[in-house]
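> need the 3D shape of this:
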Amino acid sequence: MLREALPKIITETVPGPKSQALIDRRADATAKAVGCAYPVAIARGEGAMIEDLDGNYFLDWIGGVGVLNVGYSQPEIVAAVKEQAEKYFHGMFNIVTHEGYVALAEKLNSIVPVRGEKKRTMFANSGAEADENAVKIARGYTKRPNVIVFSGAFHGRTVLTMTMTSKKAYAKDMGPLANGVFRARFPYLYRKPEGMPEEAAIQYYVDSIYDVFEECASADTIAAIVVEPLQGEGGFIPAPIEWVKAVRKICDEHGILLVADEVQSGFCRTGRMFASEYWKEAGCEPDILATAKSIAAGMPLSAVITREEIMNEVPAGTIGGTYCGNAVSCAASLKTIEIMEKEKLADRSLEIGKKVTARYEAMKEKYDVIGDVRGLGAMIGLEFVTDKESKTPNAPLVKALVQECAQNGLLVESAGIYGNVIRFLCPLVVTDEQLEAGLDIMENAIVKLI
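Sure, this is the predicted structure:
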């Protein structure tokens, strides 16, 4: 059974001939700008494993970039999707009320760690839509025009979220960008100013928010501060809790809403159902939470959740859309959350994280090219450098690692503002044997390439 299988390459080359043929057709028929760095054409997926068109088995540590926390082709979710599809595919929520939308909103309202007793949820289709609607909701409530985001942030590819995203390669030739977006410094402690103690560094990064108030837009014009609890594209950098507490305090003092972008970090990835549960445990929960990715095991869906008083101030007609809260996607999501809770996947993510981190830390001791290991739960970043002393980012090595691992049956992806981080987003249903096989492939690739 593929679900229990280990990585296995049976073709002389990767991609094999059937996969190469489809990849060639892709190159001839689809948008080149979408891009693809991997020599894999999928035939089927189960659990944490992919079989390609040539019969090669790959262990997937990318999981659709965080979409597949519950794994490929989970049988109960497949059954739920089929059951809903036999009733109706779609009922636009502006026109008809359907059970799935309401039931899923009720469920999210009960489990999402946002501030307030009574909560309300709206649905969209993608992470970028969730982030954009979170900003719109914040603006609608505060009647203020501006938002603060951070260095290293990734929030999407719409005009607004491209502007919010730090890396401007994602916005090349796409201007003019949106107005009212200002950027402070995210606490990337591995690369804090040289010689600065960590406590002083936290304050240094907090002060950069005050710099925005002084140099860009006064605090009383800021609707929201948008934070990823653990930066994704920025390099899998967790937001230190002491810094989050300080940001929460700034928001409370100035009437600003704190938005948690949990598009990638939600749904058991970090050892909690949502990473901002760690915030809540520290008394600094967000006002608004945007989430997507693993919400529905691969079906297109995203959500924004906030307290009632905020959601009720949004002007009528400014949020929503044709496919938002699609019935089939809602059915998939309800079953996904049920499975996550029943199988305690948040606890499993902690177990996986301990295993991977321990192995990564051992590699860090052995190899001078590994500079930092960091993360929460099973959302882990491995930062590569030319050497530990200089900390010079080593993007060429990471690029080579991605390809070397793929040739041996392991799919990994890069991240980081310098392209020098390997991210770990393996489905949480991975077996221990598969996990060890993947770690062996990774270490063997490092040894080969350094």
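> contacts and neighbour counts: CA atoms only from here.
Will do.
> per-residue confidence for residue 88?
Predicted confidence (pLDDT) at residue 88: the value is 97.
> err, residue 107, not the other one
With respect to pLDDT, residue 107 scores 98.
> and it, which of the three is it?
Three-state call for residue 107 (DSSP: H, G, I helix; E, B strand; the rest coil): helix.
> I figured residue 423 was touching residue 382, is that so?
Yes - in this structure residue 423 lies within contact range of residue 382 using C-alpha atoms under 8 Å: 6.5 Å.
> dihedrals phi and psi, residue 141?
Per-residue torsions, residue 141: phi -80, psi -50 (degrees, to the nearest 10).
> next, the residue nearest the centre of the chain: phi, psi?
Central residue of the chain (C-alpha atoms, centre = their mean): residue 264, 1.7 Å from the mean position. Note on residue 264: backbone dihedrals following degrees, to the nearest 10 are phi -100, psi -30.
> wait, it sits on residue 290?
No - contact criterion C-alpha under 8 Å: residue 264 and residue 290 do not qualify, at 9.8 Å.
> so where's the longest helix in the protein?
Longest helix of the chain, by residue count under DSSP state H: helix 345-366.
> flag every buried residue along it.
Residues 345-353, 355-357, 360-361, 363-364 are the ones in helix 345-366 that count as buried (16 or more other C-alpha atoms under 10 Å).
> pull the CA atoms of it into CSV?
The C-alpha trace of helix 345-366 is given here as CSV (Å, rounded to 0.1, in the frame of the first residue of the first chain):
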residue,chain,number,x,y,z
LEU,A,345,-2.7,15.3,15.0
ALA,A,346,-1.5,18.4,17.0
ASP,A,347,0.1,16.0,19.4
ARG,A,348,1.5,14.0,16.5
SER,A,349,3.1,17.2,15.1
LEU,A,350,4.9,17.7,18.4
GLU,A,351,6.3,14.1,18.2
ILE,A,352,7.4,14.6,14.6
GLY,A,353,8.9,17.9,15.5
LYS,A,354,11.0,16.4,18.3
LYS,A,355,12.3,13.6,16.0
VAL,A,356,13.2,16.0,13.1
THR,A,357,14.7,18.7,15.3
ALA,A,358,16.8,16.2,17.2
ARG,A,359,18.2,14.8,13.9
TYR,A,360,18.7,18.3,12.5
GLU,A,361,20.5,19.5,15.6
ALA,A,362,22.8,16.4,15.3
MET,A,363,23.5,17.4,11.6
LYS,A,364,24.1,21.0,12.7
GLU,A,365,26.9,19.7,15.1
LYS,A,366,28.5,17.7,12.3
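> got a pLDDT number for the residue nearest to the centre of the chain?
On pLDDT, residue 264 comes in at 97.
> what about it, distance to residue 163?
19 Å (C-alpha to C-alpha, to the nearest Å).
> what do you get for residue 347?
Residue 347 is 36 Å from residue 163, by C-alpha to C-alpha.
> point out where this protein drops to low pLDDT.
For the chain, no stretch has pLDDT under 70.
> let's see it at 90
Along the chain, the parts satisfying pLDDT under 90 run over 35-37, 175.
> which residue ranges form the helices in it?
Under DSSP H, the chain gives helices at 17-29, 63-66, 75-87, 99-111, 127-142, 159-164, 198-215, 241-254, 276-281, 308-311, 327-342, 345-366, 395-407, 432-449.
> put together TSV for those, with distance to residue 374 on each row.
Listed next are those as TSV, based on distance: least, C-alpha to C-alpha, whole Å:
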stretch	distance to residue 374
helix 17-29	34
helix 63-66	17
helix 75-87	32
helix 99-111	26
helix 127-142	24
helix 159-164	24
helix 198-215	15
helix 241-254	14
helix 276-281	16
helix 308-311	34
helix 327-342	24
helix 345-366	8
helix 395-407	16
helix 432-449	16
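> for those helices, which one sits closest to residue 299?
Distance to residue 299, taken as C-alpha to C-alpha, is lowest for helix 327-342 among those, at 5.3 Å.
> what packs against that closest one?
If contacts are counted by 3 or more C-alpha pairs under 8 Å, 6 or more residues apart in numbering; DSSP states H and E, helix 327-342 sits against helix 75-87, helix 99-111.
> export those helices to TSV and tack on distance to residue 184 and mean neighbour count?
Formatted as TSV, those follow (distance: least, C-alpha to C-alpha, whole Å; neighbours: other C-alpha atoms under 10 Å):
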stretch	distance to residue 184	mean neighbour count
helix 75-87	41	15
helix 99-111	30	17
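> with distance to residue 47 added, can I get those helices in JSON lines?
Formatted as JSON lines, those follow (distance: least, C-alpha to C-alpha, whole Å):
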{"stretch": "helix 75-87", "distance to residue 47": "10"}
{"stretch": "helix 99-111", "distance to residue 47": "24"}
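> quick one, which of those is nearest to residue 321?
When the helices and strands packed on helix 327-342 are compared by C-alpha to C-alpha, helix 99-111 sits nearest residue 321, at 13.4 Å.
> list the buried residues in stretch 439-449.
So, applying 16+ other C-alpha under 10 Å, buried residues of stretch 439-449: 439, 441-443, 445-446.
> now these as a markdown table including distance to residue 247?
Formatted as a markdown table, the buried residues of stretch 439-449 follow (distance: C-alpha to C-alpha, whole Å):
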| residue | distance to residue 247 |
| --- | --- |
| 439 | 37 |
| 441 | 40 |
| 442 | 37 |
| 443 | 38 |
| 445 | 40 |
| 446 | 38 |
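> which two in these are spaced the farthest apart?
Comparing all pairs in the buried residues of stretch 439-449 by C-alpha to C-alpha, the longest separation belongs to 439 and 446, at 10.6 Å.
> who are the contact partners of the closest residue to residue 245 other than its chain neighbours?
For residue 245, ignoring the flanking residues on the chain, the nearest one in space by C-alpha to C-alpha, 6 or more residues apart in numbering is residue 284 at 5.6 Å. Shown in contact with residue 284 (C-alpha atoms under 8 Å, 6 or more residues apart in numbering): 244-245, 248.
> circling back to that earlier point, the helices of the chain: which one's closest to residue 415?
Residue 415 lies closest to helix 395-407 among the helices of the chain, at 9.3 Å (C-alpha to C-alpha).
> one step back: tell me the one among the contacts of residue 284 nearest to residue 225.
Of the contacts of residue 284, the one sitting nearest to residue 225 (C-alpha to C-alpha) turns out to be residue 248, at 9.3 Å.
> surely the closest one touches residue 255?
No - the criterion here is C-alpha under 8 Å, and residue 248 misses it with residue 255 at 10.4 Å.
> more crowded one of those two?
In terms of neighbours (other C-alpha atoms under 10 Å), residue 248 is the more surrounded of residue 248 and residue 255; the figures are 21 against 15.
> identify the residue spatially nearest to the more buried one, adjacent ones excluded.
Using C-alpha to C-alpha, 6+ apart and skipping residues adjacent in sequence, the residue nearest residue 248 is residue 284, 5.8 Å away.
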